[in-house]
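S.K.: Predicted structure and sequence below. I'll ask about it afterward.
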Amino acid sequence: MNEVGLLLASVFSAGTVLALAGLGLLINEKAGVINLGAEGMMLCAALAGYAVCVHTGSPWLGFAAGMGAGAVLAGALGVLVIWLNTNQSATGLALSLLGAGLSAFVGVPYAQQALTVRSQFAIPVLSELPLVGKALFAQHPLVYASVALALFLVWFFYRSRVGLVLRSVGEAPESAHALGYPVRWIRLAAVVAGGALCGLAGAYLSLVYTPQWVEGMVAGKGWIALALTTFATWRPLRILLGAWLFGGVTMLQFWLQSQGVDISSQWLTMLPYLTIIVVLMLISRNPTWIRVNRPAALGLPFHPG
């Protein structure tokens, strides 16, 4: 029974990385910008957060550094695709490659460094409950923050004036511009905010989920987070549930190995990516569903008249 609780706790922790990054990318796409640079941004943020934590001993300063690194890289992407009208897909891929190479080069001295601070979080009494105690009441605060963020974005996109304006920029930027809204600045703000959340996901990865720095440690999670936005048909709560689903698939491979199941480790490692491919194939069978939910101007440049 305790084993099941620990497995559930691991699922929520693994899903938080994908949830934070996926919700950040959702903000980008709601404003009409595709960010294919999430993988590189998360790598740089993971390194920045880890390095700051090593030198200061403060994980919270590390999280702030990760968010800052993600925001800066996203801002550079925003300037290129929004003002210089470079191709969004090509620019995002270039950012992803840049982030991978830059983090590998700068991170060499930190590969042998160890964190001196390991914080433990638990709600007294509740964390000792059987089965659900460890899973629900002994998580890092950012696990709960990811749930709160998903709920906030539901309200923000569909109930707040600012959120409705942001959605209008992703649906019909020409109409938003005609009404006097600064479309480019709104898109840039959305890209920077999304980049900060991707940065937070990267810092969470290196400071909490696997507290160490290893070259390439994001290991495709940025791409899974990007696929999550389509998988969830651009809905915040579906992104959260999808993140937990893929977190569960990721943890399943380790649980099966611990149980001595005789399956090749290569097949187990492929499980999250195979799941993504299968889900996207199923969704693609109903193109109308995607077309109705997808921001109409996603990936399209805007030229103010």
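M.R.: That came through, no problem.
S.K.: Low-confidence bits of the stretch 101-250 of the chain, can you list those?
M.R.: 117-119 (pLDDT under 70).
S.K.: And for residue 102, the neighbour number?
M.R.: Neighbourhood size, residue 102 [other Cβ atoms under 10 Å]: 15. For the C-beta atoms, the positions are set from N, CA and C on the backbone; glycine is no exception.
S.K.: thought it was touching residue 44?
M.R.: Yes. Counting by Cβ atoms under 8 Å, residue 102 does reach residue 44; the two are 6.2 Å apart.
S.K.: give the contact list for residue 86.
M.R.: Shown in contact with residue 86 (Cβ atoms under 8 Å, 6 or more residues apart in numbering): residue 80.
S.K.: so it is in which element?
M.R.: Using DSSP states H and E, residue 86 sits in no helix or strand.
S.K.: Please apply the same query to the one 10 residues further on.
M.R.: In this assignment (DSSP H and E), residue 96 forms part of helix 88-106.
S.K.: Tell me which other helices or strands that helix touches.
M.R.: helix 38-56, helix 59-78 (3 or more Cβ pairs under 8 Å, 6 or more residues apart in numbering; DSSP states H and E).
S.K.: Residue 110: what's it in contact with?
M.R.: Shown in contact with residue 110 (Cβ under 8 Å, 6+ apart): 47, 50, 51, 54, 213.
S.K.: try residue 250
M.R.: Residue 250 neighbours (Cβ under 8 Å, 6+ apart): 14, 271, 272.
S.K.: Just the ones in strands from those, please.
M.R.: Among the contacts of residue 250, no member falls in strands (DSSP state E).
S.K.: a markdown table for those residues, including pLDDT, neighbour count and distance to residue 6?
M.R.: Converted to a markdown table, those look like this (pLDDT from 0 to 100; neighbours: other Cβ atoms under 10 Å; distance: Cβ to Cβ, whole Å):
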| residue | pLDDT | neighbour count | distance to residue 6 |
| --- | --- | --- | --- |
| 14 | 91 | 24 | 12 |
| 271 | 75 | 16 | 19 |
| 272 | 75 | 24 | 20 |
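S.K.: Any buried residues in stretch 120-129, and which?
M.R.: residue 127 (16 or more other Cβ atoms under 10 Å).
S.K.: Quick check: end-to-end length of that stretch?
M.R.: End-to-end span of stretch 120-129 (Cα to Cα, to the nearest Å): 17 Å.
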